[in-house]
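[1] Requesting a structural model of the entry that follows:
(4 chains)
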Number of protein chains: 2
Amino acid sequence: MTSALKENIKKVLQHQVDEKQFSSFMALMEEKNFEKKALLCEEGVVCKYIYFIDKGSCYSYLTEPDGEKQVVQFAIEGNWISDLFSFFSEKKAIYCVEALEPVNVLALNKKNFQIACDTIPWVDRFFRVLIQNAYVALQYRIAKTNSEEADARYKEFSKLHPQFIQRIPQYLIASYLGIKPQSLSRIRKESIHKA
Amino acid sequence: MTSALKENIKKVLQHQVDEKQFSSFMALMEEKNFEKKALLCEEGVVCKYIYFIDKGSCYSYLTEPDGEKQVVQFAIEGNWISDLFSFFSEKKAIYCVEALEPVNVLALNKKNFQIACDTIPWVDRFFRVLIQNAYVALQYRIAKTNSEEADARYKEFSKLHPQFIQRIPQYLIASYLGIKPQSLSRIRKESIHKA
DNA sequence: ATCATTTCTTAACATATGTGAACGAAATCC
DNA sequence: GGATTTCGTTCACATATGTTAAGAAATGAT
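    Predicted coordinates for the structure are as follows:
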């Protein structure tokens, strides 16, 4: 259960971490399990944890005034997910995080997050780099969302996240790409013709 | 010259900072001036600084294979801007940052960034929160980009950044919103009719 | 297995945004 | 201050995506 997290830390920091320090970090995390469709964070409620996905998958979404769900992020094994604004500000969440499959996660609450940052040398830096990487990726995603048409965005998404294509319902991928399910269906059909 | 930065730090950290520590931080920054159209970062070149805008404005953009510029961020007095990926990884930048008006900035290079993080207690946290806030805002922006039509996006942008509307050419705002200048012109015309 | 629910596909039509071109206004350059 | 370029607007037409609706396919429950 711990090895995926260790790999993740190593990848983000680009170096190995001390075994004992890693154990202290692990000790601050709670193992939790959720059924499919369970909510890990809920809109309107303060989000108490940031989650590392050990097994399974989830996604976060915003609910529009008209009830539409707008998908913001997907997360599978090895990814982190939360409503960061809510977690850090302790204000009500604006996103929901929902399990797509049964999930096992390591959950870190804010008190333990603070303790980890204060007592384990690389933790502060780890989260800074983690968020930094996410920010950089998001900036690129928005540039592409604005400049490319839907078929190119889908093609890039498939290439970048082939695992997601397998495991995530198309109507959620459509939302993530900013189009309707019918449009994604059309795009997929056309891409088969061309290929 | 220093008061804008002090305000910025206070706002991000949500508390005052020690005067002496602030001076040490300031001492690590270089004052620089750029003419309109000058490049603060250039695609293909490692971006050596992160910039705090003291006076003037800039924007960052991606250049598409067909030569189109895709605007990613605007920055005016009190904002930070850079190609963060390039700055931290020391790899070639994928964005350009260009002055929209003559600008005065405080520029922080990577060596000094490290020194500041290592020697001034709140600096590490300051940059983490800064990036965190930017990440949260971007996530919201992409959700809206995907779910709202161009007229609503423009309306929200005007409301959120009235100063930008005054100072930034429309064709750049159009790019930022993911539409063509002609479409923005049409949207503006229609919004006058309705109002 | 059967039925109910959810997800995906297809089609005809509606609408928003893109494209190309023209023009004038404004800004910039000598 | 006049020449030149850049920017904003408008229009007619092209195209991508949305909408509505129906049914097929897949999934889940009993």
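[2] And the longest helix along chain A, what does it pack against?
    In chain A, assigned by DSSP state H, the helix with the most residues is helix A:123-147. Secondary-structure packing of helix A:123-147 (3 or more C-beta pairs under 8 Å, 6 or more residues apart in numbering or on different chains; DSSP states H and E): helix A:3-13, helix A:110-119, helix A:150-160, strand B:57-63, strand B:69-76, helix B:84-89, helix B:123-147, helix B:170-177. For the C-beta atoms, the positions are set from N, CA and C on the backbone; glycine is no exception.
[3] Kindly recompute the last result at 6 Å.
    Judged by 3 or more C-beta pairs under 6 Å, 6 or more residues apart in numbering or on different chains; DSSP states H and E, helix A:123-147 is in contact with helix A:3-13, helix A:110-119, strand B:69-76, helix B:123-147.
[4] List the buried residues for the longest one?
    Okay, so that is helix B:123-147. B:123-136, B:138-139, B:141-147 (16 or more other C-beta atoms under 10 Å in any protein chain shown).
[5] what's it in contact with?
    For helix B:123-147, the surrounding residues in contact (C-beta atoms under 6 Å, 6 or more residues apart in numbering or on different chains) are A:62, A:64, A:70, A:72, A:84-85, A:124, A:128, A:131-132, A:134-135, A:138, A:142, A:145, A:178, B:12-13, B:116-117.
[6] Can you pull the residues of chain A lying near DNA strand D?
    Proximity of chain A to DNA strand D, by C-beta under 7 Å from any atom of the strand, involves residues A:Glu149, A:Ala150, A:Asp151, A:Gly178, A:Ile179, A:Lys180, A:Gln182, A:Ser183, A:Arg186, A:Ile187.
[7] ok, of the residues you listed, which come out buried?
    Buried, going by 16+ other C-beta under 10 Å: A:Ala150, A:Asp151, A:Gly178, A:Ile179, A:Ile187, out of the residues of chain A next to DNA strand D.
[8] between those residues, which is closest to B:Leu40?
    Taking C-beta to C-beta as the measure, B:Leu40 lies nearest A:Gly178 of these, at 30.4 Å.
[9] So, low pLDDT: which residues of chain A?
    A:1, A:193-195 (pLDDT under 70).
[10] For A:Pro102, which phi and psi angles does the backbone take?
    phi -60, psi 130 (degrees, to the nearest 10).
[11] so who does it touch?
    So A:Pro102 contacts A:Glu35, A:Lys36, A:Gly56 (C-beta under 6 Å, 6+ apart).
[12] quick one: which of these has the most company?
    Top of the contacts of A:Pro102 by neighbour number is A:Gly56, holding 20 neighbours under the definition other C-beta atoms under 10 Å in any protein chain shown.
[13] The residue lying closest to that residue once chain neighbours are set aside pairs with what?
    Once flanking residues are discounted, A:Gly56 sits nearest to A:Val103: 3.2 Å by C-beta to C-beta, 6 or more residues apart in numbering or on different chains. Beta-bridge partners for A:Val103, by DSSP bridges, are A:Phe34.
[14] Sounds good, over and out.
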